[in-house]
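*Asks:* build me a model from this:
(chains A and B)
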2 protein chains.
Amino acid sequence: MSSEPLGLVAGEGLFPLLVARGARAAGRRVVCVGLWGFASAQLAGDCDDFRWAGVLRLGKWVRTLRRGGCREAIIVGRVAKSLMHDRWRWLRYIPDLRGLRAALRVVRDTRPNTVLLTLAEEMAAAGITLIDSTAYCPDHLAHEGVMTRRRPTQAQLADVETGWAICQQISRLDIGQAIAVKDREVIAVEALEGTDAMIERAGRLCRGGGWTLIKVSNSRHDMRLDVPTVGESTIRNAKKAGAACIALEAGRTILLDKARVLELADQLGIAVVGRAGTPAA
Amino acid sequence: MSSEPLGLVAGEGLFPLLVARGARAAGRRVVCVGLWGFASAQLAGDCDDFRWAGVLRLGKWVRTLRRGGCREAIIVGRVAKSLMHDRWRWLRYIPDLRGLRAALRVVRDTRPNTVLLTLAEEMAAAGITLIDSTAYCPDHLAHEGVMTRRRPTQAQLADVETGWAICQQISRLDIGQAIAVKDREVIAVEALEGTDAMIERAGRLCRGGGWTLIKVSNSRHDMRLDVPTVGESTIRNAKKAGAACIALEAGRTILLDKARVLELADQLGIAVVGRAGTPAA
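*Replies:* Below is the predicted model of the structure:
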């Protein structure tokens, strides 16, 4: 691994913290751009250099990272999703020229992937290469097999089997990453509403509970850009909506953080299973 | 076409009325079993023989139809769906033996298709053949091309193109029959919640409106059992949720009734398009 400084562009949540800590533990200086309104202020204590920047001030990010000597960077933490969900946030930030150019491209095509690819290309043009965002937190990736002490029932395993193939197809069609399954029937499919809203709907449609949440990563997913994550709030929402089992893609899903998420799942009686990867698209 | 009496097992809505009128216009006597709590009382005036029966009294249906001399029957009007959506309805009817047997099979597998196939098999065992439920109302089938005076925009046509292939795959996976699309992005996918709930969600997720509703028939759809239908309420719900265009499968979707539905769509400014059939599964 490189000993050069690592750039970090940080959105919401715990993921940027885990990356910063992991990179420093591996001996890299971390130069961080925290996105205003998204990143945690706590990050400053875990990075060697920390600056705030507006979410559309792409030019400022690039300058900050380059001045810090970074040629590699990681972008993590929900940014695009927040932008997608609340379009007015765009207006709260004055874009710089580079940011404006990226925003204009994105306006024509607002799929999450486009937002992220646009960012990656703009940064590459400025000489900064995005790297796999899980590189410094491999311990938090889902692994294959049953991850909780609680084991899924035979019926839940059957739902995982049926649902896994279906969820991969949903993902391949660029619709969404998650579905809810009970008794081998698909109860709900995630599209633009996001996983949490889908979980809540599944709870309403399946009053008896005991359903299985399946979440895959897109086979075309670029791990530099958009890693599926499951945190404590996902587990709590799933419990509230009556889910009894959660299946995730091993090696391609981050648990934030893993020990806490799995402990919580066990406390709430939810089995969490890792399944081997996505076949080539 | 046969001049024998036609059996009609009638659930909710206008569809059974159209079938009864069409069959009598074609010179067949119509012997109808109206399902309690579902069928319209108006049906009695459009049939030669009309009896009420509980939804689980399959034995009684069969006896009524056979006594009326029927060897062919049509089952139409939402029955299974209502059962699926409100399980307590089951308890309001005392099943007879044939109905109980069917119900017990269905309890193990509550997918709509299973419910209907079970009915078809039970009736076949009693010597009554189910026939294509659109046989006597071909004028109400969606046809190919733009059906309203209002024409879809180029952007809406692009959404129909993108969404059509995706919706067929959703259907082939037995997830649901409808999706909502805007700017070539899938906003929402119908699963167990049904088309109306999906339409409402799409409205919430796409505040700007102008989205396209796509509804296909399952390529494995048995036209004797489950014909996708679009009525005035679908058009009104779609309008309320901001839809601007609706694409339906030509020859395999019933508009109830066609003239009224298309007139309403034109009044509300919604373009309705028929697309050529489903490729073989």
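
*Asks:* list the contacts for residue A:177?
*Replies:* By Cβ atoms under 8 Å, 6 or more residues apart in numbering or on different chains, the residues touching residue A:177 are A:167, A:170, A:171, A:190, A:195, A:215, A:216, A:217, A:218, A:228. Quick note: C-beta positions are derived from backbone N, CA and C, even for glycine.

*Asks:* and it, what's its pLDDT?
*Replies:* Looking at residue A:177, its pLDDT stands at 91.

*Asks:* how about residue A:86?
*Replies:* For residue A:86, pLDDT reads 49.

*Asks:* for residue A:91, same thing?
*Replies:* What the model reports for residue A:91 is a pLDDT of 43.

*Asks:* same check, this time on residue A:3
*Replies:* Reading off the confidence values, residue A:3 has pLDDT 79.

*Asks:* now the helices for the stretch 151-281 of chain A?
*Replies:* Taking DSSP state H, counting those that start in this stretch as the criterion, the stretch 151-281 of chain A contains helices spanning A:154-172, A:195-205, A:232-240, A:258-268.

*Asks:* mind checking how far the third one is from the chain centre?
*Replies:* How far helix A:232-240 lies from its chain's middle: 16 Å, per Cα atoms, centre = their mean, to the nearest Å.

*Asks:* which residues touch the residue lying closest to residue A:195 once chain neighbours are set aside?
*Replies:* Sequence neighbours aside, residue A:178 is the residue nearest to residue A:195 in space, at 4.8 Å (criterion: Cβ to Cβ, 6 or more residues apart in numbering or on different chains). With contact taken as Cβ under 8 Å, 6+ apart, residue A:178 is in contact with A:167, A:190, A:195, A:198, A:199, A:213, A:214, A:215, A:216.

*Asks:* return the member of the residues you listed nearest to chain B.
*Replies:* residue A:190 (8.0 Å; Cβ to the nearest Cβ).

*Asks:* separation between the residue nearest to residue A:195 and chain B?
*Replies:* Counting by Cβ to the nearest Cβ, to the nearest Å, the gap from residue A:178 to chain B is 11 Å.

*Asks:* now render the helices of the stretch 151-281 of chain A as a markdown table, adding distance to residue B:62, mean pLDDT and mean neighbour count.
*Replies:* Formatted as a markdown table, the helices of the stretch 151-281 of chain A follow (distance: least, Cβ to Cβ, whole Å; pLDDT from 0 to 100; neighbours: other Cβ atoms under 10 Å in any protein chain shown):
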| stretch | distance to residue B:62 | mean pLDDT | mean neighbour count |
| --- | --- | --- | --- |
| helix A:154-172 | 34 | 95 | 20 |
| helix A:195-205 | 33 | 95 | 21 |
| helix A:232-240 | 45 | 96 | 19 |
| helix A:258-268 | 49 | 97 | 17 |
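
*Asks:* and the ones you listed: which comes nearest residue B:41?
*Replies:* Comparison of those against residue B:41 by Cβ to Cβ identifies helix A:195-205 as nearest, at 31.4 Å.

*Asks:* which residues sit against the closest one?
*Replies:* So helix A:195-205 is in contact with A:176-180, A:187-190, A:193, A:209, A:211, A:213, A:215, A:233-234, A:237-238, A:240-243, B:191-193, B:201, going by Cβ under 8 Å, 6+ apart.

*Asks:* grab the nearest non-local neighbour of the residue in the stretch 51-200 of chain A that chain B sits nearest to.
*Replies:* Using Cβ to the nearest Cβ, the single residue of the stretch 51-200 of chain A nearest to chain B is residue A:189, 4.0 Å away. Nearest-residue entry for residue A:189: residue B:189, 4.0 Å, with adjacent residues in sequence omitted and distances by Cβ to Cβ, 6+ apart.

*Asks:* got it, and residue A:69?
*Replies:* The shortest distance from residue A:69 to any non-neighbouring residue, by Cβ to Cβ, 6+ apart, is to residue A:5 (4.8 Å).

*Asks:* and that neighbour, how far from residue A:124?
*Replies:* Distance of residue A:5 to residue A:124, computed by Cβ to Cβ, to the nearest Å: 18 Å.

*Asks:* so between these two, which is more surrounded?
*Replies:* Just comparing residue A:5 and residue A:124: by other Cβ atoms under 10 Å in any protein chain shown the higher neighbour count belongs to residue A:5, 20 against 11.

*Asks:* is it correct that the residue of the stretch 51-200 of chain A closest to chain B is in contact with residue A:173?
*Replies:* No - using Cβ atoms under 8 Å, residue A:189 makes no contact with residue A:173, being 10.2 Å away.

*Asks:* give me the more crowded residue out of those two.
*Replies:* residue A:189 (30 against 18).
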